[in-house]
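Novice: Coordinates only, no sequence provided:
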């Protein structure tokens, strides 16, 4: 490293300034890559799935960097997913200490009222403790269901579904629509794009300036993902997923699921 033979490990390396060679050949740090994906239903947020299910990274063909999902959406949920190889930024976005907001739109069974919303805002007791404060509002009502938007600043496993189940409302549909300043906007279902430079700068600013929260008590291009091909290259029918697009749902629910 920097012209000296390293005989003991570990060794701390600054990729921006240190020169590292192995057998005389220089090792270059992988460039940072940042992508937004509109995750469809049935896609898993892991890079290693023993069951062979379709992974989020499979929807970004041709990406040479070793990217990974930042946080997770369960297989039944859809919406905004950030993928990157920037571990430091991923840590700031996902760790509750930094309080980066994630906003979800959920359609739940029954009629939600103000007391239900207040329980969510104050925090709900789950098996691992009480959830942190959340922002929640009703955006639309249907005869047998309610559509709400929930903003969280922590990342417990299936938190939105578990909180709503705890107060007696089963989730029919769940979509993540925002991560910090990033929005799902008009990104089609199953499509991905790289972050624009201004989006990346704003995200880093928000993640870097986010106020630490104490734990609760006890770059421009877009493409359509290869939605009809699974990991083995075999064709798959995605008709159901396409029929579940925002345009088709908007008329029946009265809510805009992708904004």
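Specialist: Right, received. Where do you want to start? Keep in mind the model is a prediction, meaning the values are calculated, not measured. Numbering: from 1, shown residues only.
Novice: Can you pull the domain assignment for this structure?
Specialist: 34-97+181-215, 101-179 (automatic domain parsing).
Novice: what mean pLDDT does stretch 202-210 have?
Specialist: Mean pLDDT, computed over stretch 202-210, is 83.
Novice: buried residues in that stretch?
Specialist: For stretch 202-210, the neighbour count (16 or more other C-beta atoms under 10 Å) marks 203, 204, 206, 207, 210 as buried. In short, each C-beta sits where N, CA and C put it, glycine included.
Novice: Quick check: of those residues, which lies closest to residue 29?
Specialist: residue 204 (17.8 Å; C-beta to C-beta).
Novice: hmm, back to that, distance to residue 9 added to the domains of the chain, as TSV?
Specialist: Below are the domains of the chain laid out as TSV (distance: least, C-beta to C-beta, whole Å):
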stretch	distance to residue 9
domain 34-97+181-215	20
domain 101-179	32
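Novice: who's in contact with residue 110?
Specialist: 144, 145, 146, 168, 169 (C-beta atoms under 8 Å, 6 or more residues apart in numbering).
Novice: repeat for residue 117
Specialist: Per C-beta under 8 Å, 6+ apart, neighbours of residue 117: 136, 137, 138, 148.
Novice: Any chance of a ChimeraX selection covering the buried ones in the residues you listed?
Specialist: Buried residues within these, by 16+ other C-beta under 10 Å, are selected in ChimeraX with:
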select :136,148
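Novice: among the contacts of residue 117, which two are most distant?
Specialist: So, the contacts of residue 117 by C-beta to C-beta: farthest apart are 136 and 138, at 8.1 Å.
Novice: Now, of the contacts of residue 110, which are buried?
Specialist: 145, 146, 169.
Novice: how near is the second one to residue 180?
Specialist: As for residue 146, its distance to residue 180 is 26 Å (criterion: C-beta to C-beta, to the nearest Å).
Novice: before we move on, the earlier item: who touches both of residue 136 and residue 138?
Specialist: 117, 148.
Novice: got the contact list for the lengthiest helix in the chain?
Specialist: Counting by DSSP state H, the longest helix found in the chain is helix 197-209. The list of residues contacting helix 197-209 from outside it, by C-beta under 8 Å, 6+ apart, reads 34, 89, 92-93, 98, 100, 179-182, 195, 219-220.
Novice: From the contacts of residue 110, pick the one nearest residue 38.
Specialist: residue 145 (22.8 Å).
Novice: Quote the end-to-end distance of stretch 37-44.
Specialist: One end of stretch 37-44 to the other measures 12 Å (C-alpha to C-alpha, to the nearest Å).
Novice: again, but for stretch 139-148
Specialist: One end of stretch 139-148 sits 5 Å from the other (C-alpha to C-alpha).
Novice: any idea how far that stretch is from the chain center?
Specialist: Taking the mean of its C-alpha atoms, stretch 139-148 sits 24 Å from the chain's own mean (C-alpha atoms, centre = their mean, to the nearest Å).
Novice: which residues in the stretch 1-150 of the chain form helices?
Specialist: With DSSP state H, counting those that start in this stretch as the definition, the stretch 1-150 of the chain shows helices at residue ranges 87-94, 114-122.
Novice: For residue 13, which of these is the nearest?
Specialist: helix 87-94 (13.9 Å).
Novice: Buried residues in that closest one, which are they?
Specialist: For helix 87-94, by 16+ other C-beta under 10 Å, it's 89, 90, 92, 93, 94.
Novice: Redo those residues as a markdown table? Include distance to residue 107.
Specialist: Listed next are the buried residues of helix 87-94 as a markdown table, based on distance: C-beta to C-beta, whole Å:
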| residue | distance to residue 107 |
| --- | --- |
| 89 | 31 |
| 90 | 29 |
| 92 | 31 |
| 93 | 26 |
| 94 | 25 |
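Novice: where do the strands sit along the protein?
Specialist: With strands called from DSSP state E, the chain shows them at 20-22, 25-27, 34-39, 68-69, 78-84, 102-109, 125-126, 129-130, 135-142, 145-152, 171-179, 182-183, 191-194, 222-224.
Novice: Sheet-wise, list the partners of the fifth one with their directions.
Specialist: Taking DSSP bridges as the criterion, strand 78-84 pairs within the sheet with strand 34-39 (antiparallel), strand 68-69 (antiparallel), strand 171-179 (parallel).
Novice: This completes my enquiry, with thanks.
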